[in-house]
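K.L.:
Predicted model and sequence follow; I will ask about them next.
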Amino acid sequence: MRSRLLKIIEMAAVLALGFLLNSCGSQKYCPTCGTTVNGAYGVLNVVPVPEHNPTGEPGGPFNSFDISWFDPIQQKVYTSDRIGLDVVVTDAKNNFAVNTIGGLNQVANAGNNASPCWGQAASEVQAIPSIITGEGSVNPTRPGNGLTRFGCRNAPFFAAFGNAFPGFGPNGFFGGFPGAQCCASRANGVNPLSGPDGLIVTPDGNTLFVGSGSASLVAFDLTKNPPQVIAALSTGASPDFDGPLGVAPCIATWNGGAGSDPTCADDRADEMAYGTVGGHDIVAVANGDPGLPFVTLVDVTDIVNRTFAPPFTTPGQGHCLPVNYPAYPTPGTAANNYTPGTNPPACILGQIYYDAIAPQDATVPVDTAGGPCPDPSTLVPSGASGGPFPLVETGGTLTIPCHHAPVVDANTGFFITNSGPAGPGQQGEFAVAGTGALGFNPLHGTFYVENLNCTASTLATQSSVAVGCIDEIDPRIGNPAGPVVINVVPTYNCMPAGIVQGPGHDFFVGCGGHDGVQFPPLLIIFDGTCTTSAACLASQIKIDQSGGTDEVWYNPGDNRYYTAGRDMPNGPVMGVVDAGSRQWLVNVTTGSNSHSITVNQFTNQIFVPTQAGPLCGTQSANGCIAVYGRQ
């Protein structure tokens, strides 16, 4: 009896194994079932991007793009497309593009699906203001008075300027994104002026935030069709796209002059992170290009919750309107646009400036001791902080705080202080290579911002260079002194370019290069519970089989990290790391300039935008979004 029972069990096991092999294990492209015999990654599909062609403008090859984001609620991938001048929306279940989000200038549908701006209906009494450039705010006599076409074109605000711009009047729509600025074919874009850039979708899947080349943060209501712009706020002074000279002088100075021309102003709002702290929804966003970048923390609670009528949860006045916006329902005037340096968005909690000036006192609302803040990096107003400003509807005043980056040890990059002068061997952080990605740490209720090059000193005790710092910013909700850096995670021999939280306390960092300076391949995992530079450094696990990254992604579906390693020495790769064992698994060849990556956690399929090339198959001349998976 026992022998017969064992035979039955063995036969059942064989049948079960055969069923498994036939149903999943031996079938190609079965990522939800685990790896097959070889477990190799391959291209499963190719997603054509709408309105791209190999011949040039309008459209042209999909050769300039930025960040991607996966929304698990709708299973959609959002990708910044600088050639189409929009955000491409991909159905990540069926692998095809379903929509584009942008303004009147987008290539897809010739702008006919442009997003309307809040303020057109009779019930929408808070019209979103247009954006004034940095040049326009100091030179109001020139044509156009500094309006830029890349903001909202709502009537009350355009009327104040006498509709000076032929061709883009007060039609109530979002103007759009600048695209890849530079050349007629847009094949060689100047990043600091381009857009769309960084983007993120809120956890409920209802709101998309996008950074733009007009130094602005745009919020789209994804529950509307087409998506409606419910905020388009300035983080700094916009480049002078529509002035008499345009941005040609700015482009010229980005060729060796660090974008020092006044028409550059504060360049693009780029990488960002989203988190909830003390019941407040916060977006941290960086105007992070080389020179004198800064980080802005914005309270977007009213935007996310659609609180568009008083009383408000936050000081943001529903749509992050300017602090001088008049009492409701009176529409705006010229003075109530987002005027750089004088009338910023009221929902900004504060800004951190990377100008290498050691802070003197981080307990005061506006940290100006020891050097100007905001730093006058150009001849036009810079940033959005400085205050105080009157709030008409409350009769009170609002101060938007500003602080300098922290003091660090010039040799090790260790955090020293945010409230005192630098001592011997110490310095205020600078960011000559700019800042990288931002991340939210729910363990502390803080934000990480990656500084690619905070010190350039060679460590006496290690054969590496202290080039990177990951600054931890406390948003300090309700504190009039505003956000400050409370800790620094040093990264040696690493320019940190991407960051994401993995399982538990782990944070995964992708290391890249910048401006021709390349470092050996490196990825870092550190413990997000650490509270000192020494503890954060001691917790680090280094992986040297992959690197050269920009965006990195954690996929809870298979508990793996994925990297967009476009700068690997032998060509672009997708790096794969097991998040459980913290071990590198494989590098998979990708396409030219593939620096963006995101993963559908339900299918474990990986979405990698790539320039025109053979990887795109029948779309080889157009560029595409390649879909990878385990075969």
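P.N.:
It's in. Numbering: from 1, shown residues only.

K.L.:
pretty sure Ile128 contacts Arg153?
P.N.:
No. Under the criterion of C-beta atoms under 8 Å, Ile128 makes no contact with Arg153, lying 9.5 Å away. C-betas here are computed from N, CA, C, even on glycine.

K.L.:
The two: which has the busier surroundings?
P.N.:
Taking other C-beta atoms under 10 Å, Ile128 and Arg153 do not tie; Ile128 has more neighbours (30 against 25).

K.L.:
Is it correct that that one falls within a strand?
P.N.:
No. For Ile128, which was evaluated using DSSP: H, G, I helix; E, B strand; the rest coil, the result is coil, with no strand membership.

K.L.:
what helix or strand is Asp471 on?
P.N.:
Remark: Asp471 resides in strand 468-474, with elements defined by DSSP states H and E.

K.L.:
What residues sit buried inside that strand?
P.N.:
For strand 468-474, a neighbour-count test (16 or more other C-beta atoms under 10 Å) marks 468-474 as buried.

K.L.:
end-to-end on stretch 580-592?
P.N.:
30 Å (C-alpha to C-alpha, to the nearest Å).

K.L.:
Kindly provide the whole-number mean pLDDT of that stretch.
P.N.:
Rounded to a whole number, the mean pLDDT of stretch 580-592 is 95.

K.L.:
gap between it and the chain center?
P.N.:
Distance of stretch 580-592 from its chain centroid, counting by C-alpha atoms, centre = their mean, to the nearest Å, is 23 Å.

K.L.:
Find the residue closest to Thr529 in space, skipping its chain neighbours.
P.N.:
Distances taken as C-beta to C-beta, 6 or more residues apart in numbering put His505 closest to Thr529, at 4.9 Å, once the chain neighbours are dropped.

K.L.:
now swap in Gly350 and tell me
P.N.:
By the measure of C-beta to C-beta, 6+ apart, the closest residue to Gly350 outside its immediate chain neighbours is Gly482, 3.0 Å from it.

K.L.:
and the one you found, how many neighbours?
P.N.:
26.

K.L.:
go on, the one 5 residues further on?
P.N.:
Burial measure for Asn487: 22 neighbouring residues, criterion other C-beta under 10 Å.

K.L.:
Skip ahead from the helix or strand containing it and say which helix or strand is next.
P.N.:
Using DSSP H and E, Asn487 sits within strand 484-491. In the C-terminal direction, the helix or strand that comes right after strand 484-491 (DSSP H and E) is strand 495-501.

K.L.:
wait, what's in contact with Arg82?
P.N.:
Arg82 sits next to 64-66, 177, 179-180, 186, 189, 194-196 when contact means C-beta atoms under 8 Å, 6 or more residues apart in numbering.

K.L.:
Quick one: list the elements packing against the strand holding Asn487.
P.N.:
If you count contacts as 3 or more C-beta pairs under 8 Å, 6 or more residues apart in numbering; DSSP states H and E, strand 484-491 packs onto strand 415-417, strand 468-474, helix 533-538.

K.L.:
quick one on the thing from earlier: gap between the residue nearest to Thr529 and Val283?
P.N.:
His505 sits 24 Å away from Val283, taking C-beta to C-beta, to the nearest Å as the criterion.

K.L.:
swap in Pro170?
P.N.:
In this view, Pro170 and Val283 are 28 Å apart by C-beta to C-beta.

K.L.:
who has more neighbours, these two?
P.N.:
Higher neighbour count among Pro170 and Val283: Val283, with 26 against 18, using other C-beta under 10 Å.

K.L.:
That one pairs with what?
P.N.:
Each beta-bridge partner of Val283 is listed here, defined by DSSP bridges: Tyr274, Val298.

K.L.:
Sounds good, over and out.
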